[in-house]
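S.K.: how does the following fold in three dimensions:
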Amino acid sequence: MSEINNTKPSENKEQYSLNDDRRVKVLSPGALVAKRFFRNRLAVTGLIILLAMFLFSFVGGLVTPYAQDQKFYRIDERQKDYAGVLYNTEYRYSVGDEELFKGPVQAQSLLNFMRGNDKFVYNNINYELKKINDNLFIVSSGGKVIGLGSKELVNASTKDSTFSFDFTYNALLAHANGKSEFTSDGQKYILNDDGVVIQDGKEIAYVSQYIVKAVMNDVFFSRDFKTLLIASVEKSDKSFKYTDAEGNEAEYMLSFDASKNTYDVKQKTGTRVFDTYSSPSAKHWLGTDRNGMDMLTRLMYGGRVSLIIGFIVVIIETVLGVILGGISGYCGGWVDEIIMRIVDIFYCIPSMPIIIILGAAMDAANLSSSTRMLYLMLILGFLGWPGIARLVRGQILSLREQEFMTATEATGIRVSRRIFKHLIPNVIPQLIVTMTMGLGSTIITEATLSFLGLGVRFPFASWGNIINDVNDTFVLTNYWFIWIPAGVLLLLTVLAFNIVGDGLRDAFDPKMKR
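M.R.: Okay, here's the model as predicted:
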């Protein structure tokens, strides 16, 4: 008996206590769906991709040091036409009397000078020629100097300085005769061996056979610049540098034009321009776009805009579809007929032409980028609800005849509570799948519209208008970093939404066995 009594307690304890291995675990419906979903490796991969896209778009936009519309610049060195230098070998005329020394007289003067004549008659007027040297001859009439021809020119040393004919005549005559001073208009001037005219210790002009002419009429060359330029020309230098009175240094390139027998002077300047289509670097990991903006930052903010538009549009579609579909499916009769005919009308609406027309209207109204994006979301959401409305209506038509709905009617629960408390929750699994798969198509639609210039506008970025930068084959073939990253991100995001949607559909289906 003692043995029997001793064994019964242990047997009872063994019989009524269950260890962890023998305990039956019961999962809630939500946990069962989650278990099925996470068993699907492809769906989990899609979910990981989506999480990465959200982190990239929303967290990356906060971490990046740049703004989405921040423009970057670079110093672009360019050579622009600046001046021309000519060593003058032809006679140029200075006019003392405009009536007696006109163009035909000048031509006759040169012709007779080249023939060695010291006088000639033109229009019954006697003219005298006097040769000073090979570079200068003087034309007189009636004992008065009326003009001269010279291969050398008198150049002003300061801007806006002008000289009389008497000054030019005496300066050239003194320089030709090797004199160190001359008098003009009652004033004395000093002329040094380099042909520089000085008055009161200040340089006012110089005599030179070189002609230096600026490309722009408002540019004046200082004496120092011309001296350095002529010296470089005589030495056949290819370039030289000059520092002006304000301390600004510039480099000038020299090239000889044989057809014109002149030297072309080009100024090498650094111009501040947009850093367009810059290749990937440490500063810009994915380079810059045509506006000089950081591509990586634009991709982050573009993903944020594309995802926000996708979610808001799907929410608008779902709210409208659930309300109208729920009312249609539960009420039936003429209410169902009216709502379904409205759905049929929306199915017949050509969405793309309407969006194009509305886009043109928004362009004409000059709406801001934020307002335009808001209207875009409303338009896409308003045009996309009929599919969800039909889905909800079909589900509710099958659910409203079941026993639990009969019980809600018997207990006197009001109609709105029956629809939104008891019917709609049973449609949520199908809604979640539809919304998830609809997100991908919405993002594709937004990207297409932005690519066509009908969607998101600058300064906001979206993956669609980023790809829109590829507007010619040159950019397409040479600047891969402009469109490939945006295309890859768009592809991965839409693909991930579709994969996750398929995984949720399989997880909500109780017949699925994995």
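
S.K.: contacts, neighbours, all on C-alpha from now
M.R.: Noted.

S.K.: quick one: pLDDT of residue 326?
M.R.: Looking at residue 326, its pLDDT reads 83.

S.K.: list the buried residues of the host helix or strand of it.
M.R.: With elements delineated by DSSP states H and E, residue 326 resides in helix 295-331, which encompasses its position. Buried residues in helix 295-331, counted by 16 or more other C-alpha atoms under 10 Å: 295-307, 309-318, 320-330.

S.K.: gap between the residue nearest to the spatial centre of the chain and residue 115?
M.R.: Relative to the mean C-alpha position of the chain, the nearest C-alpha, by C-alpha atoms, centre = their mean, is the one of residue 291, at 1.8 Å. In this structure, residue 291 and residue 115 are 67 Å apart, going by C-alpha to C-alpha, to the nearest Å.

S.K.: give the burial count for residue 104, as a bare number.
M.R.: A count of nearby residues for residue 104, using other C-alpha atoms under 10 Å, gives 10.

S.K.: would you mind identifying the next helix or strand past whichever strand or helix holds it?
M.R.: Remark: residue 104 resides in helix 103-115, with elements defined by DSSP H and E. Toward the C-terminal end, the helix or strand that comes next after helix 103-115 (DSSP H and E) is strand 119-122.

S.K.: I would like the residues contacting that next one, please.
M.R.: Counting contacts by C-alpha atoms under 8 Å, 6 or more residues apart in numbering, the residues outside strand 119-122 that touch it are 105, 108, 109, 112, 126, 127, 128, 129.

S.K.: run the last query once more with 10 Å
M.R.: Contacting residues not belonging to strand 119-122 are listed as 104-105, 108-109, 111-113, 126-130, 139-141 [C-alpha atoms under 10 Å, 6 or more residues apart in numbering].

S.K.: of those, which pair is most distant in space?
M.R.: Farthest-apart pair in these is 104 and 130; separation 18.4 Å (C-alpha to C-alpha).

S.K.: adjacent strands (with direction) for the longest strand along the chain?
M.R.: Counting by DSSP state E, the longest strand found in the chain is strand 73-87. Strand 73-87 has the following strand partners under DSSP bridges: strand 210-214 (antiparallel), strand 262-274 (antiparallel).

S.K.: list the buried ones in the last one?
M.R.: This means strand 262-274. Of the residues in strand 262-274, 262, 263, 264, 265, 266, 267, 268, 269, 274 count as buried by neighbour count, 16+ other C-alpha under 10 Å.

S.K.: turn those residues into CSV, including pLDDT.
M.R.: Output for the buried residues of strand 262-274, formatted as CSV (pLDDT from 0 to 100):
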residue, pLDDT
262, 88
263, 88
264, 91
265, 90
266, 90
267, 86
268, 83
269, 79
274, 88
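
S.K.: do you know how far residue 364 is from residue 131?
M.R.: Here residue 364 is placed at a distance of 75 Å from residue 131 (C-alpha to C-alpha).

S.K.: just the buried residues of the contacts of strand 119-122.
M.R.: Buried positions within the contacts of strand 119-122, assessed by neighbour count (16+ other C-alpha under 10 Å), are 105, 109, 113, 127, 128, 129, 139, 140, 141.

S.K.: do you know the pLDDT at the residue nearest to the residue nearest to the centre of the chain when sequence neighbours are not counted?
M.R.: Distance criterion C-alpha to C-alpha, 6 or more residues apart in numbering; nearest residue to residue 291, sequence neighbours excluded, is residue 276 at 5.8 Å. According to the prediction, residue 276 has pLDDT 88.

S.K.: would you confirm that residue 276 contacts residue 75?
M.R.: No - counting by C-alpha atoms under 10 Å, residue 276 stays clear of residue 75, with 11.6 Å between them.

S.K.: okay, the two: which has more neighbours?
M.R.: For residue 276 versus residue 75, the count of surrounding residues by other C-alpha under 10 Å is larger for residue 276: 18 against 12.

S.K.: could you pull up the residues touching that one?
M.R.: 71, 72, 73, 74, 287, 288, 289, 290, 291, 292, 293, 294.

S.K.: so what pairs up with the third one in the strands?
M.R.: Beta-bridge partners recorded for residue 73 (DSSP bridges): residue 274.

S.K.: what's the neighbour count on it?
M.R.: The burial metric for residue 73, expressed as a neighbour count using other C-alpha under 10 Å, is 14.

S.K.: could you do the second one as well?
M.R.: For residue 72, the count of nearby residues is 17 (other C-alpha under 10 Å).

S.K.: what about stretch 401-417, how long is it end to end?
M.R.: 16 Å.

S.K.: from now on call the first residue 42
M.R.: Understood, numbering begins at 42; the last thing we discussed is stretch 442-458.

S.K.: pretty sure residue 208 sits against residue 197.
M.R.: No - with contacts counted by C-alpha under 10 Å, residue 208 stays clear of residue 197, the gap being 11.6 Å.

S.K.: and residue 405 and residue 172? Which one has more around it.
M.R.: residue 172 (16 against 9).

S.K.: so which helix or strand takes in the more buried one?
M.R.: Secondary structure here is read from DSSP H and E; on that basis residue 172 sits in strand 166-174.

S.K.: beyond that strand, next helix or strand please.
M.R.: For strand 166-174, the succeeding helix or strand toward the C-terminus, using DSSP H and E, is strand 177-182.

S.K.: flag the shaky bits of the chain, pLDDT-wise.
M.R.: Counting by pLDDT under 70, the chain has low-confidence residues at 42-68, 70, 550-555.

S.K.: in stretch 179-199, what counts as buried?
M.R.: Within stretch 179-199, the residues that qualify as buried by neighbour count (16+ other C-alpha under 10 Å) are 179-182, 186-198.

S.K.: got the buried residues for the next helix or strand after the helix holding residue 367?
M.R.: The C-terminal neighbour of helix 336-372 among helices and strands, as given by DSSP H and E, is helix 374-389. Taking 16+ other C-alpha under 10 Å as the neighbour-count basis, helix 374-389 is seen to contain the buried residues 377, 380, 381, 384, 387.

S.K.: make JSON lines out of those and add distance to residue 529.
M.R.: Rendered in JSON lines, the data for the buried residues of helix 374-389 read as follows (distance: C-alpha to C-alpha, whole Å):
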{"residue": "377", "distance to residue 529": "44"}
{"residue": "380", "distance to residue 529": "40"}
{"residue": "381", "distance to residue 529": "39"}
{"residue": "384", "distance to residue 529": "35"}
{"residue": "387", "distance to residue 529": "33"}
